[in-house]
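Visitor: no sequence on this one, just coordinates:
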């Protein structure tokens, strides 16, 4: 047995970090892993999305840990998803043959097997002959916990204080210090299998033969295809929309129905910068928009599960910050303390790496509109809200009526000065307006005079104080002339007609100042200081909002061109990070739910406009 040390140096000619976009996502709807185009798993948290990492070479190439698996000869690589599934295939093209690695996590009904979180890597030689090497180098608890390595009944066991893993393989594996290594050659038609299981708490090590892996592969294909067959989308961009839907499903935490904003933490919004946040939590705003997108496609079970999460897992508070927090843990917990991992260098030196998120304590009034809008759609397209749910909606709306005019931190979670943000007031208007719609349609009890009076007061204030005659645009917040892409939601939320002269002028101004080749900056940090150093890229959700706003304004050809351009910024698998950098690179946490739900909405509305 040996204790943990840092990873061995990589080959001198190999880059230390695989770019963010050069990854695919796999998962079991409890946790997820990122697989690079080089065949390396360099991000994996076990046993759930927000658990400490086992592999985190994406955040520190030397200390993070990785599961390497690739030919031991120079090879070109290509990566794709097995059609209509979340099974990832990485292909290697070498002089003497062609091989592939099939990565997936089985979806199982048995709770004990689900607790195994089995990660399967099938290696096949499809042409010629290829030598392969595998190296499993876990670094537990973000590289902070030492571990030991041992063998038992042909399996390699990695044990740390809080987590133990078992590696089984159809080819011989040797221990190498605190890691495991295998070297083998496959001829055409031959295959090998590696399986990594979490063990303990009643989950015993179990082998994974080649035949069993093949059966699990088939079962996983059937699961994803059966799920996707529920989609009602038949539009022009079916492949991209369905990939976005499959990604949103992967970001769902099955035990509670929660949807994480992204499966990663610490990936930078600017390479070398400090804007590195933990997104492995449930933002009420993000998750509510996810339900909106999934309902449009016909996935009502996911909407029902999220409504259950909100009603059963989240406790409304009674503090000055409002009854809702902006985010929660995937189990509904409210405490998400932020911590900096100073021993990790960060992706391409982007430090600090953070876990937890102090923004949990911010006041962001827009979440009430996002949530109640999604409940309105669920009531309309899913199933009627229960009486208990309506009681909760009533309490939330009453609170919004009393607090909508407070300054807050806004949708972008600025860590600077609080303001009276237009977007926050807009979504307070949405919260009340949608609740009135539900009550009117269903004949439910509501304080209509108060609700309607407050709704109208918000409208008048936005039109009077949010409009700048000098800029000929609606602005970010009261008392300033700063532009903000969040106002693109005004016609999308049905607050203003998409052809209203004031809106058309706003759209023109935003296009001149915040748009670059279809890409949209959310705001200018120099004009609107957000309390952080450095710059950031364009915000992809805003780019899709822009497409939808153009479409609704009648600028359909521009909208379609902007949408097609945005599709070229996706990675090779159709996945998006949070932002796009200056030269088209993906930056920020990856993949991001917010971006994919906006893609679905833009495609849906653009299809409807085009006919």
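Guide: Yep, it's here. Fair warning: this is a prediction, and the values are worked out from it, not measured in the lab. Residues are numbered from 1 along each chain as shown.

Visitor: What residues of the lengthiest helix in the chain count as buried?
Guide: Counting residues, the longest helix found in the chain (DSSP state H) is helix 422-442. Using 16 or more other C-beta atoms under 10 Å as the test for burial, helix 422-442 gives 422-436, 438-439. Using the backbone N, CA and C atoms, a C-beta is placed for each residue, glycine as well.

Visitor: what does stretch 243-259 give?
Guide: Residues 243-253, 255-259 are the ones in stretch 243-259 that count as buried (16+ other C-beta under 10 Å).

Visitor: What about those, which are in strands?
Guide: 252, 253, 258, 259 (DSSP state E).

Visitor: Next up, the contacts around the first one.
Guide: Residues in contact with residue 252, defined by C-beta atoms under 8 Å, 6 or more residues apart in numbering, are 29, 258, 259, 302, 305.

Visitor: Apply 10 Å and report the result again.
Guide: Taking C-beta atoms under 10 Å, 6 or more residues apart in numbering as the criterion, residue 252 is in contact with 27, 29-30, 49, 258-260, 287, 290, 294, 302, 305-306, 309, 330, 593.

Visitor: And for the second one?
Guide: For residue 253, the contacting residues are 29-31, 48-50, 259-260, 280, 282, 305, 309, 329-331, taking C-beta under 10 Å, 6+ apart as the criterion.

Visitor: and with 6 Å instead?
Guide: residue 330 (C-beta atoms under 6 Å, 6 or more residues apart in numbering).

Visitor: And the last one, by the same measure?
Guide: Under the criterion of C-beta under 6 Å, 6+ apart, the contact list for residue 259 reads 251, 252, 287, 290.

Visitor: of those residues, the lowest pLDDT goes to which?
Guide: Going through the contacts of residue 259 one by one, the lowest pLDDT turns up at residue 287, 74.

Visitor: Chain neighbours aside, what residue packs nearest to that residue?
Guide: Leaving aside its chain neighbours, residue 287 sits nearest to residue 259 (4.4 Å; criterion: C-beta to C-beta, 6 or more residues apart in numbering).

Visitor: How about residue 346?
Guide: Excluding its sequence neighbours, the residue lying closest to residue 346 (C-beta to C-beta, 6+ apart) is residue 353, at 5.0 Å.

Visitor: And the one you found, how far from residue 340?
Guide: As for residue 353, its distance to residue 340 is 7 Å (criterion: C-beta to C-beta, to the nearest Å).

Visitor: Low-confidence bits of the chain, can you list those?
Guide: 1-14, 110-112, 318-320, 414-416, 525-535 (pLDDT under 70).

Visitor: Select the longest strand from it.
Guide: Counting by DSSP E, the longest strand found in the chain is strand 119-137.

Visitor: Tell me how many other residues surround the residue lying closest to residue 88 once chain neighbours are set aside.
Guide: Of all residues not flanking residue 88 in the chain, residue 24 sits nearest, at 4.2 Å (C-beta to C-beta, 6+ apart). Close neighbours of residue 24, defined as other C-beta atoms under 10 Å, add up to 24.

Visitor: doesn't residue 24 fall inside a helix?
Guide: No: Residue 24: not assigned to a helix; according to DSSP: H, G, I helix; E, B strand; the rest coil it is strand.

Visitor: Would you confirm that it contacts residue 573?
Guide: Yes: contact criterion C-beta atoms under 6 Å: residue 24 and residue 573 qualify, at 5.1 Å.

Visitor: picking up where we left off before, report the beta-bridge partners for the residue nearest to residue 346.
Guide: Beta-bridge pairing for residue 353 (DSSP bridges): residue 341.

Visitor: OK, contacts around residue 566?
Guide: Residues near residue 566 by C-beta under 6 Å, 6+ apart: 518, 543.

Visitor: Work out for me the element it sits within.
Guide: For residue 566, the host element (DSSP states H and E) is helix 556-568.

Visitor: got it, and residue 470?
Guide: Counting by DSSP H and E, there is no helix or strand that carries residue 470.

Visitor: which stretches of the stretch 151-300 of the chain form helices?
Guide: 210-228, 238-250, 284-297, 300-312 (DSSP state H, counting those that start in this stretch).

Visitor: what lines up beside the helix or strand just after the last one in the sheet?
Guide: So the one you mean is helix 300-312. Using DSSP H and E, the helix or strand that follows helix 300-312 in sequence is strand 327-328. Using DSSP bridges, the strands paired with strand 327-328 are strand 282-283 (antiparallel).

Visitor: what about residue 353 and residue 340, which has more around it?
Guide: A count of neighbours by other C-beta under 10 Å puts residue 353 above the other of residue 353 and residue 340, at 26 against 15.

Visitor: wait, residue 250 sits on residue 27?
Guide: Yes: proximity of residue 250 to residue 27 meets the contact threshold set by C-beta under 6 Å, at 4.6 Å.

Visitor: Tell me how many other residues surround residue 83.
Guide: 12.

Visitor: how about residue 540, phi and psi?
Guide: Dihedral pair for residue 540: phi -70, psi -30, per degrees, to the nearest 10.

Visitor: give me every residue that touches the residue nearest to it when sequence neighbours are not counted.
Guide: Spatially, and ignoring its direct neighbours in sequence, residue 540 is nearest to residue 595 (4.2 Å; C-beta to C-beta, 6+ apart). With contact set as C-beta under 6 Å, 6+ apart, residue 595 has these partners: 540, 541, 576.

Visitor: which SS state does the closest residue to the last one other than its chain neighbours fall under?
Guide: Okay, so that is residue 576. Leaving out its chain neighbours, the residue that sits closest to residue 576 by C-beta to C-beta, 6+ apart is residue 595, at 4.2 Å. Three-state assignment for residue 595 (three-state DSSP): helix.

Visitor: Renumber starting at 715 from here on
Guide: All right, first residue 715 from here; so that's residue 1309.

Visitor: nearest to residue 1029, of the ones in strands among the buried residues of stretch 957-973?
Guide: Closest to residue 1029 out of those is residue 972 (14.4 Å), distances taken as C-beta to C-beta.

Visitor: pretty sure that closest one is touching residue 1021, no?
Guide: No: Residue 972 lies out of contact with residue 1021 (C-beta under 6 Å); the separation is 11.5 Å.

Visitor: Please, which helix or strand holds residue 781?
Guide: Under the criterion of DSSP H and E, residue 781 resides in strand 780-785.

Visitor: after that strand, next one along is what?
Guide: Strand 780-785 is succeeded, C-terminally, by strand 790-795 (DSSP H and E).

Visitor: what's the following helix or strand past that following strand in contact with?
Guide: Counting by DSSP H and E, the next helix or strand C-terminal to strand 790-795 is strand 802-808. By C-beta under 6 Å, 6+ apart, the residues outside strand 802-808 that reach it are 738, 740, 749, 753, 785, 787, 789-796, 813-817, 844.

Visitor: Pull up the pairing partners for strand 802-808, direction included.
Guide: Its sheet considered, strand 802-808 pairs with strand 790-795 (antiparallel), strand 811-818 (antiparallel) by DSSP bridges.

Visitor: what's the most buried one of those strands?
Guide: Mean neighbour count, computed with mean count of other C-beta atoms under 10 Å, is highest for strand 811-818 among these, reaching a mean of 23.

Visitor: Distance from that strand to the middle of the chain?
Guide: Centroid displacement of strand 811-818 relative to its chain, using C-alpha atoms, centre = their mean, to the nearest Å, is 26 Å.

Visitor: go on, stretch 1262-1282?
Guide: Centroid displacement of stretch 1262-1282 relative to its chain, using C-alpha atoms, centre = their mean, is 24 Å.

Visitor: Also stretch 1162-1174?
Guide: Relative to the chain's own centre, stretch 1162-1174 is displaced by 35 Å; criterion: C-alpha atoms, centre = their mean.

Visitor: Please enumerate residues in contact with it?
Guide: With C-beta under 6 Å, 6+ apart, stretch 1162-1174 has contacts from 1115, 1118, 1139, 1142, 1143, 1146, 1147, 1150.
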